[in-house]
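Trainee: based on what follows, work out the 3D shape:
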Amino acid sequence: MIKPTILSGIQPTGNLHIGNYLGALKNIINLQNSGEYDMYIFIPDLHSLTGSRTANERREIIAILAVEFLAAGLDPEKVTFFAQSHVPEHAELGWIFNCITPIAELERMTQYKDKAQQQEKNINAGLFTYPALMAADILLYHATQVPVGEDQIQHVELTRDIARWFNNRYPSANHPEGYFAEPKVLLTDLPKVKSLLEPTKKMSKSKGEGHVIELADEPDVIERKLKKAVTASEGGIGAPGVENLLLLLKNFGNAELYRQFSAAEKDGSIRYGDLKIEVAHSISEYFVDFREKRKELLARPNEIKNILSTGAEKARIVANKTMNDVRKLVGIS
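Mentor: Okay, here's the model as predicted:
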């Protein structure tokens, strides 16, 4: 039986934080361990070029992201794990998709507007057209399902559109239904982790160090950050800061403790200092093995390079076949 194919990745923007973990990485590991899918997990380093990092910063962040994937439990024996730039077919197919994607469709993409606001001094063409490259990432491996949260559904819908536009413009005699199948959203119920200091907004490194808890943070750092976390000083049961801390306790802590603090929040007897201590302890304990594994892997950079190189070789077998077909269909081969 042919397994469904999944493609997923996390852009290298810095050390992974608990929002990345609950929003993507944990789900990737669970899907991998289910054994039900043929999985391609990649580091979208070409996408990272739309940002403003220096070459050395980007090189370091990519290496650390690879380490953190592996430290969290990604198994290169079970998935194809590689860096996007090591498979040049991504960029080639991305350009072809650029040539069939209407500008009006790209202008509708909400994440372009969000990212443009975050980097007003570097609004480049890549930032505008990156959804076409994202479609290439997915369709290059004929992924049938893409695990995303609700905020990414728009990108998968555009990928489906691009597949349809390509099929209509370049019909395939060998694939009368169309060369590219339209991938489906594998919608997962992903916890929406908020900033520690601005709990009405998404947790993001772009806001500053105090807003996030990194997976690699030591216990004393986690405790210090949580002491400063906003709670219900602005008043009222169900305050965003308290709800965010309870969410973290629910995902990283003891179920009974979560029940007790949830009840205390409802009856007004909750002690925020105690809640912060328990959340800090729970997160610290949850990532003990991750921190140790991360330190070990950081000391073995050549091993990480070999893992990515082996993954890229495996990915290129599929990518080459796709591009050979596509070149013939569009008339450049």
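
Trainee: what's in contact with stretch 73-92?
Mentor: Contacts with stretch 73-92, where a contact means CB atoms under 8 Å, 6 or more residues apart in numbering, come from 9, 28-29, 32-33, 35, 39-47, 62, 66, 69-70, 133, 136-137, 140, 307-312, 314-316, 319-320, 322-323. Every residue, glycine included, has its C-beta placed from N, CA and C.

Trainee: which of those residues count as buried?
Mentor: For those, a burial check counting by 16 or more other CB atoms under 10 Å picks out 9, 28-29, 32, 39-47, 62, 66, 69-70, 133, 136-137, 140, 307-308, 311-312, 314-316, 319, 322-323.

Trainee: which strands and helices lie in contact with the top helix by length along the chain?
Mentor: Ranked by number of residues, the top helix in the chain under DSSP state H is helix 301-330. Contact here means 3 or more CB pairs under 8 Å, 6 or more residues apart in numbering; DSSP states H and E; on that basis helix 301-330 packs against strand 38-43, helix 55-71, strand 80-83, helix 89-98.

Trainee: so how far is it from its chain's centroid?
Mentor: 20 Å (CA atoms, centre = their mean, to the nearest Å).

Trainee: before we move on, what about stretch 118-134?
Mentor: Distance, centroid of stretch 118-134 to centroid of chain: 17 Å (CA atoms, centre = their mean).

Trainee: now stretch 269-277
Mentor: With CA atoms, centre = their mean as the basis, stretch 269-277 stands 31 Å off its chain's centre.

Trainee: I'd like the next helix or strand past the worst-scoring helix or strand of the chain on mean pLDDT.
Mentor: When the helices and strands of the chain are scored by mean pLDDT, DSSP states H and E, helix 110-118 comes last with a mean of 71. Scanning forward in sequence from helix 110-118 by DSSP states H and E, the next helix or strand is helix 125-139.

Trainee: and that following helix, how far from the chain's centre?
Mentor: Chain-centre distance of helix 125-139: 15 Å, with CA atoms, centre = their mean.

Trainee: in JSON lines: the helices and strands packed on helix 301-330, plus mean pLDDT.
Mentor: Shown next, in JSON lines, are the helices and strands packed on helix 301-330 (pLDDT from 0 to 100):
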{"stretch": "strand 38-43", "mean pLDDT": "98"}
{"stretch": "helix 55-71", "mean pLDDT": "97"}
{"stretch": "strand 80-83", "mean pLDDT": "98"}
{"stretch": "helix 89-98", "mean pLDDT": "98"}
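
Trainee: and of these, who's closest to residue 165?
Mentor: helix 89-98 (8.6 Å; CB to CB).

Trainee: other SSEs contacting the next helix or strand after the closest one?
Mentor: Sequence-wise, the next helix or strand downstream of helix 89-98 (DSSP H and E) is helix 103-107. Helix 103-107 is packed against helix 125-139, with contacts defined by 3+ CB pairs under 8 Å, 6+ apart.

Trainee: in the helix it packs on, what's buried?
Mentor: Neighbour-count burial for helix 125-139 [16+ other CB under 10 Å]: 126-139.

Trainee: what do you get for stretch 72-83?
Mentor: Result for stretch 72-83 [16+ other CB under 10 Å]: buried residues 72-74, 76, 79-83.

Trainee: got it, and stretch 171-184?
Mentor: 172, 179-183.

Trainee: how about those residues, which pair is most distant?
Mentor: Using CB to CB, the pair of the buried residues of stretch 171-184 lying farthest apart is 172 and 183, separated by 17.4 Å.

Trainee: how close does residue 185 sit to residue 143?
Mentor: 11 Å (CB to CB, to the nearest Å).

Trainee: neighbour count winner among the two?
Mentor: For residue 185 versus residue 143, the count of surrounding residues by other CB atoms under 10 Å is larger for residue 143: 24 against 18.

Trainee: wait, what's in contact with the more buried one?
Mentor: Residue 143 neighbours (CB under 8 Å, 6+ apart): 5-7, 40, 183.

Trainee: any idea of the mean pLDDT for stretch 128-139?
Mentor: For stretch 128-139, the mean per-residue pLDDT is 95.

Trainee: in three-state terms, label residue 146 for me.
Mentor: strand (DSSP: H, G, I helix; E, B strand; the rest coil).

Trainee: pull the number of nearby residues for it.
Mentor: Residue 146: 23 neighbours (other CB under 10 Å).
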